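Asks: Here is the input, now give the coordinates:
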Amino acid sequence: MRILCCSAQLPGHLDWGGYLLTAAELQRRGHPVLWASGAAVREAVVQAGVAFQGLTETGWRWPPPPPLPAPTTPADPVWQAQRAMRALDQWLDEARVADAVAELLAVAKEFRPDVIVTETFVAAAGIVAGCLAVPLVVAGWPAIRPGGGAHATLVPTARGRLDRLLARFGAQGTFWTQSGPPALLSPRLHLTYWSPSWYAGVPLQPQTQHVGGSTAGNKPIDATLPSAEEQPWALITLGTSFNDDPAFFVAAAHAAKSLGCLPIVVLGRSAAAASVEQWAGRLPRTAVVRARVEFDAVLPATAVAIHHGGAGTTHALVTHGVPQIVVPHAADQIHQALGVTRSGVGVHIAAKQVTVDTLAAALATLLPDFSDCRRRAQAVQAEFAALGGAARAADLIELT
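Replies: Numbering: from 1, shown residues only. Just a heads-up that it's a prediction; the model follows:
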């Protein structure tokens, strides 16, 4: 089986809880696998042992459009509509996607895939699958039953763009939700690296398969950090993309220190950056500041985490059984925050509500050894592990 994998050109779009691991597992089993994306992720893909094809255009706009001014009221309908359109423009700009389809189609015709696997936001992958009449698998988000909601007003705009693209390239097939939030849809298989309890109460379509995930195991704990037995570790991060919020880092670090924890502040960029130096002095003196950490070497000894809700970070915390506070800042992070609250493994706090006091109060409910969130975190960790992870995802792709 020849497998073409696609993603946007950001490191966070490689993962989704196990997408790149799945490609590596398929490669290990002897299937020819080719990963097509922007040059910015080449190194990570190659390090995973997967062949890489660079694209000059993936269809995903990065850097993103300029941020919107603050709404006059939280429920401002005009602002909500602008925000939804901004999100649509980031992954479904018609001209950008057309260029991506032309480039990806040439790659696919040469590679001759038996199946195309993609994350949710590469619209070109669905169109190319329709052009070549090969099965499409979506890795990352489930197939959600159509409905209304704030994004429903975008459906006519999205459908118009998609219909023109499909006609332009002569693509056949149904690869898009018909109503509700516009999204890439596979009629065959949607892989999520989460679990039934993570999506409790969410109306999912039957092609959704949860495969969970587990840790690499047996990694030595980072010996350069102070002992976790003396001070419980509190991991604090905003990931690698939307990580410019000094107030979050400072408030989270002081909240952790106020409860006797060691704040481990992971910046997602160089600690020597000028923009960091401007506020780093406001952190507690005990805080450990790192550009990045290896999760498998830190999370086994971590007591709690305060973070943005990136899919990879959230998934890693679940698979290590770490209770978490999620403060979404952008993109799909709210989806992970909702999963955290649905499954009971942590709490969700809006970015505008973040203060030292609100974070300290939340931490006080998570930290005890027998807290409800810690108990649930351990239960969901076991649920994820039992579902099979990347190996089970590879099994399902082999059956398409």
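
Asks: Need the pLDDT of the closest residue to Ala360 other than its chain neighbours.
Replies: Among residues not flanking Ala360 along the chain, Ala255 sits closest, at 4.2 Å (C-beta to C-beta, 6 or more residues apart in numbering). C-beta here means a position set from N, CA and C on the backbone, and glycine is covered the same way. pLDDT recorded at Ala255 is 97.

Asks: the domain parsing of the protein - what is it?
Replies: 3-192, 233-386 (automatic domain parsing).

Asks: roughly how far out does the last one sit from the chain middle?
Replies: For domain 233-386, the separation from the chain centroid amounts to 15 Å (computed by C-alpha atoms, centre = their mean, to the nearest Å).

Asks: which residue is nearest the centroid of this structure?
Replies: The residue lying closest to the centre of the chain (C-alpha atoms, centre = their mean) is Ala311, at 2.8 Å.

Asks: Can you read off the backbone torsions of Lys219?
Replies: With angles defined as degrees, to the nearest 10, Lys219 sits at phi -80, psi 140.

Asks: For the stretch 101-250 of the chain, which residues score under the pLDDT cut-off?
Replies: Applying pLDDT under 70 to the stretch 101-250 of the chain picks out residues 146-153, 177-182.

Asks: now the strands: where do they sit in it?
Replies: Secondary structure of the stretch 101-250 of the chain (DSSP state E, counting those that start in this stretch): strands located at 115-118, 136-139, 189-192, 208-210, 233-237.

Asks: would CSV of those with mean neighbour count be doable?
Replies: Shown next, in CSV, are the strands of the stretch 101-250 of the chain (neighbours: other C-beta atoms under 10 Å):
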stretch, mean neighbour count
strand 115-118, 26
strand 136-139, 26
strand 189-192, 26
strand 208-210, 20
strand 233-237, 26
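
Asks: that older thread, can I get the domains of the chain in a markdown table including distance to Asp222?
Replies: Output for those, formatted as a markdown table (distance: least, C-beta to C-beta, whole Å):
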| stretch | distance to Asp222 |
| --- | --- |
| domain 3-192 | 20 |
| domain 233-386 | 5 |
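
Asks: And for Trp60, nearest residue in space, chain neighbours not counted?
Replies: Nearest residue to Trp60, sequence neighbours excluded (C-beta to C-beta, 6+ apart): Ala8, at 3.5 Å.

Asks: doesn't Gly38 make contact with that neighbour?
Replies: Yes: counting by C-beta atoms under 8 Å, Ala8 touches Gly38, with 7.4 Å between them.

Asks: Give the helix, strand or coil label for the residue nearest to Trp60.
Replies: Following DSSP: H, G, I helix; E, B strand; the rest coil, Ala8 is assigned to coil.

Asks: Nice, that's everything, thank you.
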